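Q: after the sequence you'll find the predicted model.
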2 protein chains.
Amino acid sequence: EQMDYIRDPAEIYRQSFETIRREADLGQFPPVLQPLVIRLIHACGMVELLDEIAFSEGAFEAGAAALEKGAPILVDVEMVRHGVIRRLLPAENDVICLLNDERVRPKAEEIGNTRSAAQVDLWDAHLAGAIVAIGNAPTALFRLLERIDAGAPKPAIILGFPVGFVGAAESKAELIANSRGIPYIAVRGRKGGSAMASAAINALAGGLGTNV
Amino acid sequence: EQMDYIRDPAEIYRQSFETIRREADLGQFPPVLQPLVIRLIHACGMVELLDEIAFSEGAFEAGAAALEKGAPILVDVEMVRHGVIRRLLPAENDVICLLNDERVRPKAEEIGNTRSAAQVDLWDAHLAGAIVAIGNAPTALFRLLERIDAGAPKPAIILGFPVGFVGAAESKAELIANSRGIPYIAVRGRKGGSAMASAAINALAGGLGTNV
């Protein structure tokens, strides 16, 4: 005896996106950004996330163009890397997480910061024109902005989704208040996380294309 | 010039957990379960998650005891696996994700279900007394309950955190209504995700111990 539930993955995606379109007022976003908004809501199951999404004009286009040109994707935690749907990437783009690199722990001690932040100091060779997606650590986003203020290369886009109770809201408020001329998409406040960061990458790469 | 934010990882954890204790009414949960509740809230940045947490009596103790005895941890997606803090595990427990196993795609076609669900059919050898943590796919939770109804071995605990708009609420409602005698901890409704599933595992393994 089987239970009654939907088993067809394409149909699950279809009904999910349809439900979000029905419940969410997407008209407040540019059409090009709407698939990304749908994916963010899909990732967390919360239509109310809508009110906390912030972005700079042209951010989606900048991020999508960078991916098309083969830009690498820099992420702060392995969870974000594993949420990327590889076959959507237009140029087999590298997805790079250096959190567990052996240079990170001594760097963290040197700069008096978290390992998440210290890894940002190892990004310089990849940063120019890259996609940066932060799905966990506020300190990584703060550190990125510090590095850019100190002259580090600018990425093509910052996807800002640090989550939690200490620094998450503050780091994203800083990004939104002054993104240093860098296009960004972020969620205000405490909410965020690796699933949202991956969802944003997947949307830049392939809109509402799925892994089915 | 540096920005003003907290850089000490131990202090970040301390203030995070302190904020949650201040804002969340934890008294409605047994003391042994409170660290897990704190970790779930920490993972998503939402104190209001409190009202959606469901559990069976003794579930925490059952899960923690299974880990102590060396039980494997079965997860539905790689993101959950990568959210586990390995050094908290009491017995170097295996963390197993079979979603990308080569047997999964043909199995999915055979049973007419998602790959997430099909992988559950490959769990049998590991299931007895295991920790099962589902952080993404409702179909994986539905399939697990179907398999158990069909005589598959019972895990020590089910951590139920499928997320989204199709089947997430329904699969968790089924678990909560009839967990087949298996201890469980879950979040009702659409919310969930791999970060919550990892957080629950980490709490069973090491309470509020951190990765610092």
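A: Nice, thanks for sending it over.

Q: wait, does the lengthiest helix in chain A make contact with chain B?
A: Looking only at chain A and at elements set by DSSP state H, the helix with the highest residue count is helix A:9-23. Yes. Using CB under 8 Å from any CB of the partner chain as the criterion, contacts between helix A:9-23 and chain B involve A:Pro9, A:Ile12, A:Gln15, A:Ser16, A:Thr19, A:Ile20. Backbone N, C-alpha and C define where each C-beta goes, glycine included.

Q: now, of those residues, which are buried?
A: The neighbour-count test (16 or more other CB atoms under 10 Å in any protein chain shown) applied to those identifies A:Pro9, A:Ile12, A:Gln15, A:Ser16, A:Thr19, A:Ile20 as buried.

Q: what ranges do the helices span in chain A?
A: With helices called from DSSP H, chain A shows them at A:9-23, A:34-44, A:59-68, A:78-83, A:104-111, A:115-120, A:124-127, A:138-149, A:168-177, A:194-206.

Q: hey, which of these is tucked in deepest?
A: When neighbours are counted by mean count of other CB atoms under 10 Å in any protein chain shown, the highest per-stretch mean among the helices of chain A falls to helix A:194-206, a mean of 28.

Q: ok, now how distant is A:Ala43 from chain B?
A: A:Ala43 sits 7 Å away from chain B, going by CB to the nearest CB, to the nearest Å.

Q: before we move on, what about A:Ala128?
A: A:Ala128 sits 22 Å away from chain B, taking CB to the nearest CB as the criterion.

Q: and that residue, how many neighbours does it have?
A: Counted with other CB atoms under 10 Å in any protein chain shown, the neighbours of A:Ala128 add up to 12.

Q: tell me the phi and psi of it?
A: phi -60, psi 120 (degrees, to the nearest 10).

Q: spit out the contact partners of the closest residue to it other than its chain neighbours.
A: In this structure, A:Ala128 finds its nearest non-sequential neighbour in A:Pro153, 3.7 Å apart by CB to CB, 6 or more residues apart in numbering or on different chains. Remark: with contacts taken as CB atoms under 8 Å, 6 or more residues apart in numbering or on different chains, A:Pro153 is in contact with A:Asp124, A:Leu127, A:Ala128, A:Gly129.

Q: any regions of chain A where pLDDT drops low?
A: Using pLDDT under 70 as the threshold, the predicted model of chain A has low-confidence ranges A:1.

Q: next one: A:Ala108 from chain B, what distance?
A: As judged by CB to the nearest CB, A:Ala108 and chain B stand 8 Å apart.

Q: which non-adjacent residue is nearest that residue?
A: Ranked by CB to CB, 6+ apart and with sequence neighbours excluded, the top spatial neighbour of A:Ala108 is A:Ala118, at 3.8 Å.

Q: also A:Asn136?
A: In space, A:Asn136 is closest to A:Val77, 4.5 Å off (CB to CB, 6+ apart).

Q: gap between A:Arg105 and chain B?
A: As defined by CB to the nearest CB, A:Arg105 lies at a distance of 11 Å from chain B.

Q: distance of the residue nearest the centre of chain A from chain B?
A: Taking CA atoms, centre = their mean as the criterion, A:Ala197 is the residue nearest the geometric centre of chain A, at 3.0 Å. Using CB to the nearest CB, one obtains 11 Å as the distance from A:Ala197 to chain B.

Q: burial measure for the nearest residue to that residue once chain neighbours are set aside, as a count.
A: The spatial neighbour of A:Ala197 that comes closest, neighbours along the chain excluded (CB to CB, 6+ apart), is A:Gly135 at 2.9 Å. Using other CB under 10 Å, the number of residues around A:Gly135 comes to 28.

Q: contacting residues for A:Gly135?
A: Listed by CB under 8 Å, 6+ apart, the contact set of A:Gly135 reads A:75-77, A:79-80, A:83, A:161-163, A:192-198.

Q: again, but for A:Val166
A: Taking CB under 8 Å, 6+ apart as the contact definition, A:Val166 lies against A:Pro138, B:Ile6, B:Ile12, B:Gln15, B:Ser16, B:Thr19.

Q: hmm, try it at 6 Å
A: By CB atoms under 6 Å, 6 or more residues apart in numbering or on different chains, the contact list for A:Val166 reads B:Ile6, B:Ile12, B:Gln15, B:Ser16.

Q: wait, what's in contact with the last one?
A: Yep, that's B:Ser16 we're talking about. For B:Ser16, the residues meeting the contact criterion (CB under 6 Å, 6+ apart) are A:Gly164, A:Phe165, A:Val166, B:His42.

Q: CSV for these, including distance to B:Val95?
A: Formatted as CSV, those follow (distance: CB to CB, whole Å):
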residue, distance to B:Val95
A:Gly164, 23
A:Phe165, 27
A:Val166, 27
B:His42, 20
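
Q: widest-spaced pair of those?
A: Greatest spatial distance in the contacts of B:Ser16: A:Val166 and B:His42, 9.9 Å, computed using CB to CB.

Q: would you agree A:Leu26 is in contact with A:Gln34?
A: Yes. In this structure A:Leu26 lies within contact range of A:Gln34 using CB atoms under 6 Å: 4.8 Å.

Q: circling back: residues near the residue nearest to A:Asn136, how many?
A: As a measure of burial, A:Val77 has 26 neighbours, counting by other CB under 10 Å.
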